[in-house]
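Novice: here are the coordinates; sequence isn't available:
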C-alpha cells in the first residue's frame, strides 16, 4: 500500500511539489505531462478532473495529491505502479532525469497498399498490369502453401497484405436475447403490441428466435526463441483476426505474459506491429509455457475471459520446464474454454511427431491440433475457430 | 410494479436523514461528508472500514456527482461499498446486475403488455367513446415497468449500483455512458424523465474484460486491494461482534497466508468473514488444524486449493501470526 511511504513526506519541500500544492493547475499539468512521458494515456479531460479533485479536496499534502491523481488519472491496475513511480519521481524533483518511454512509436515503414507489380503509379490498370495480376494470383496460390519461415522480404510483404484481408469469425453461441423471426417461438411482446394497434383483435402472431453471437476468441502467441521465424507472421495474423471483431483477445507468451489486445487495436498493421514490438519485453527468450498459461488463467482466464471462449495456442510446444505443469494448466484451460485449439508451425514438417515433452503433455487437453506455418494453414485455422471445419486431431 | 418494486432496499426510517453539523455550502439530503476523513468515519459507523484511497475516491465522487468505478478481485468488498454508502446517505440502493446480453429493456424500462391488454378489454367492455383517448391511455406511466436505471432516476436521491459491468457487452456500455452523462431517459410515448438529483453511482468490475475508456473517463477510478492484516482483523471484529479477538486474529492470519500461497482463487474478505462466522457457529475460539480442515470449504472453493492448503502447516501459521503481535 503506497499510502504509507507517500504520506511520510507531509510537507512538500522542493519546487515541483510546492507547485503542485500552491499552484494546482500548473502542478497538475506538469504531473500529467510526466505521466504521459511514461506512456500513460492522460487526456485533457482527465487532467481537468484531477484539478477539480485537488480543489474539492483542498489538497494540502502529498497524500491528498496522490489519491486525487490516482482516482482521476489511472484507469487500470497496471497504471497504478507506473503512477506510483512517476509520482514519487515528480515529488522528489527527479522528473527531468526520468527515462522517457515512447508511448506508441509510430514507425515510418514502406507503403504496401499498391500491387507489387504496379510500378508506373497509374490508377488505370493496363494490359501489362492485367498479366501482372494474373501472375500475381498464381504466386498467391504458391505463397498460400509456403512456410512463412522461408519467405523473403517481398513475399513476406505480400503475405501481410493477404493476411490483412481476413478477419476471423468465431463460432456462434446462443445468447439470452431474442430477435424477430418468421419462425420460432411466439413473441408475446410484439404480438400484443400488434394486437393493441388493431384494437385488441388477434391479427396475427409474431415470432421470435434466439439470437446468436460469435464466441470470444483468445489467441496465445508464443514469441520465444524457437518461434522467431513465425512470431511476426503469427502476430500479423492476430492483427488481421482482431480487425472488425470486438471479441478477440491476444496475448504473447514466452518468459512473460503480455496482453496485446490494446496494441493490436490500431487499424494500420504496421503501427500495430510497432506498438506490439515495444510492448513485448521478452522477444525470442526462453519458453515457460506452463507458467505463462497459469499466469493467463489466474489473471484473466478464470475470471471469465476463457470461459466459453475458443482459445488458440500458437506454439511449437518447446517447453523448458516440467511438462507436468503445462499438462495441468492445459487441463484447467480445457475445463474453462469451449474449445482449445493448438496451432503448431512445425506440425507440417515432414516426419513431425509430437514428441516434445510439453506438447505430449498438452495434447490430451486439446480439441483440435492444426498447422500454423502458412497462409493456407491460417485460413484453415480461421475455419476451425469459426466451427466451419472439423480439424484433424493429432 | 413500478413504484412498489421490490428491487430496492430502503433502510427503515432513514430517508433524508438530517445532517449532524451540516455542510457549509450545499443543501444535500445527506450527512456531513465534508472531507475524506468524514466519509471514512461515517462508513465505519456503518461497519465498512475504508482506507484513505477509497474514502478519498468516494468523497470526490459524491462532491462532483461523478460515478465511482471500482475494480478489484472478487470478494474484496466492492459491492459492500455501495451498501454501506446507501446506509450512510440514508438513500435507497438500486442495483443493476449486469450479465452477458443485458439490453436496454432489461435495464431501463419495458411496457406491461398484459396490463395494457386488460385495460383495452375493460375499455371495450365499457363501450369506447374515443378511440384515440383509449390509445393514449395505453401508454400511460402506470403501464411502464421501471427497471433499475429508470427506478434510480425516479427515486433520487439514491445509490445506484451497477454491478459487474464487465459482464455486459460493449453496446450496453455505450448505452450506460449515455444515461450516466445526462441522467435523463426519453420514453417516446411519454417524454423525457429526469432525475431531480443525480443518483450516487457505483460501478464495479471484476476485470474479465477491459471496460471502454470512454466510460472510465466519466468516473473516478479505484482499485480495491485485499485489506492488510490489521484492517482485516478490524473488519471481522466489526462485522461479527460474536467472534473473539483471538479467533479474528488467527483467521485473518491464515487467510493472509493463503493469499500468498498461489491458489486458484485466493480468499477475499468475504471468505474471511464467512469462515469466521462458520467457526463462531461451531463455538470455536481458537484455530486448531482439525477445525481448520473441517471448515476450509468456507474459505476455499476449489478442490486443488483445499489440497494445497492441507499441505500448509496451520499451527505454524497461527503461531507466526500471534508472534507478530
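Specialist: Everything's here; your move. Everything quoted here is computed from the prediction, not taken from an experiment. Residues are numbered from 1 along each chain as shown, chains lettered A, B, ... in the order given.

Novice: from the chain's centroid, how far away is the lengthiest helix in chain B?
Specialist: Secondary structure assigned by DSSP state H gives helix B:245-259 as the longest helix of chain B. For helix B:245-259, the separation from the chain centroid amounts to 25 Å (computed by CA atoms, centre = their mean, to the nearest Å).

Novice: now residue B:191. Its backbone dihedrals?
Specialist: Backbone torsions for residue B:191, taken as degrees, to the nearest 10, come to phi 130, psi -160.

Novice: now whatever helix or strand comes next after the longest helix of chain B against helix B:245-259, angle please.
Specialist: Using DSSP states H and E, the helix or strand that follows helix B:245-259 towards the C-terminus is helix B:269-281. With axes from the mean of the first three to the mean of the last three CA atoms, to 10 degrees defining the directions, helix B:269-281 sits at 140 degrees from helix B:245-259.

Novice: list the helices and strands helix B:269-281 packs on?
Specialist: Other elements packing on helix B:269-281 under the criterion 3 or more CB pairs under 8 Å, 6 or more residues apart in numbering or on different chains; DSSP states H and E are helix B:229-239, helix B:245-259, helix B:289-295. Any C-beta I mention is one placed from the backbone N, CA and C, and that applies to glycine too.

Novice: right, so the ones you listed: which one is the most enclosed?
Specialist: helix B:245-259 (a mean of 22; mean count of other CB atoms under 10 Å in any protein chain shown).

Novice: check which helices and strands it sits against.
Specialist: helix B:229-239, helix B:269-281, helix B:314-323.

Novice: just the pLDDT for the spatially most central residue of chain A.
Specialist: With distances taken as CA atoms, centre = their mean, residue A:261 lies nearest the centre of chain A, 1.7 Å away. On pLDDT, residue A:261 comes in at 86.

Novice: list the contacts for it?
Specialist: A:242, A:248-251, B:210 (CB atoms under 8 Å, 6 or more residues apart in numbering or on different chains).

Novice: also residue A:193?
Specialist: B:111, B:113.

Novice: ditto for residue B:66
Specialist: Residue B:66 neighbours (CB under 8 Å, 6+ apart): A:49, B:60, B:218-220.

Novice: which two in the residues you listed are spaced the farthest apart?
Specialist: Greatest spacing in these, by CB to CB: B:60 and B:218 (13.0 Å).

Novice: thinking again about what came up before, where among the helices and strands packed on helix B:269-281 is average confidence lowest?
Specialist: helix B:289-295 (a mean of 86).

Novice: say whether chain A is contacted by the next helix or strand after that one.
Specialist: Later in the chain than helix B:289-295, the nearest helix or strand by DSSP H and E is helix B:303-311. No. Judged by CB under 8 Å from any CB of the partner chain, helix B:303-311 makes no contact with chain A; its nearest approach is 8.5 Å.

Novice: got the angle for helix B:303-311 vs helix B:245-259?
Specialist: 120 degrees.

Novice: and helix B:303-311, average pLDDT?
Specialist: Rounded mean pLDDT across helix B:303-311 is 85.

Novice: next one: that helix to chain centre, how far?
Specialist: Centroid displacement of helix B:303-311 relative to its chain, using CA atoms, centre = their mean, is 31 Å.

Novice: quick one, phi psi at residue A:178?
Specialist: According to degrees, to the nearest 10, the main-chain angles of residue A:178 amount to phi -120, psi 160.

Novice: doesn't residue A:284 lie inside a strand?
Specialist: No. If the criterion is DSSP: H, G, I helix; E, B strand; the rest coil, then residue A:284 is coil and not within a strand.

Novice: quick check, it in contact with residue A:229.
Specialist: No. Residue A:284 lies out of contact with residue A:229 (CB atoms under 8 Å); the separation is 10.4 Å.

Novice: local confidence estimate at residue 9?
Specialist: I went with chain A, as the question did not name one. Reported pLDDT for residue A:9: 40.

Novice: my bad, chain B
Specialist: 41.

Novice: try residue A:286
Specialist: Looking at residue A:286, its pLDDT is 74.

Novice: who's in contact with it?
Specialist: With CB under 8 Å, 6+ apart, residue A:286 has these contacts: A:224-225, A:254-255, A:320.

Novice: out of those, which end up buried?
Specialist: Neighbour counting with 16 or more other CB atoms under 10 Å in any protein chain shown marks A:224-225, A:254-255 as buried within those.

Novice: which pair in the residues you listed spans the largest distance?
Specialist: Maximum distance among these (CB to CB): 9.9 Å, for A:225 and A:255.

Novice: what's the overlap in contacts for the two?
Specialist: A:285-287.

Novice: the closest residue to chain B within chain A: what secondary structure?
Specialist: Residue nearest to chain B within chain A (CB to the nearest CB): residue A:304, separated by 2.9 Å. Classification of residue A:304 by three-state DSSP places it in helix.

Novice: which pLDDT does the model give the closest residue to it other than its chain neighbours?
Specialist: In space, not counting the residues next to it along the chain, residue A:304 is nearest to residue B:208; the distance is 2.9 Å by CB to CB, 6 or more residues apart in numbering or on different chains. Confidence at residue B:208, expressed as pLDDT, is 75.

Novice: and the stretch 201-350 of chain A, which residues reach chain B?
Specialist: A:213, A:246, A:261-262, A:298, A:300, A:302-305, A:307, A:332.
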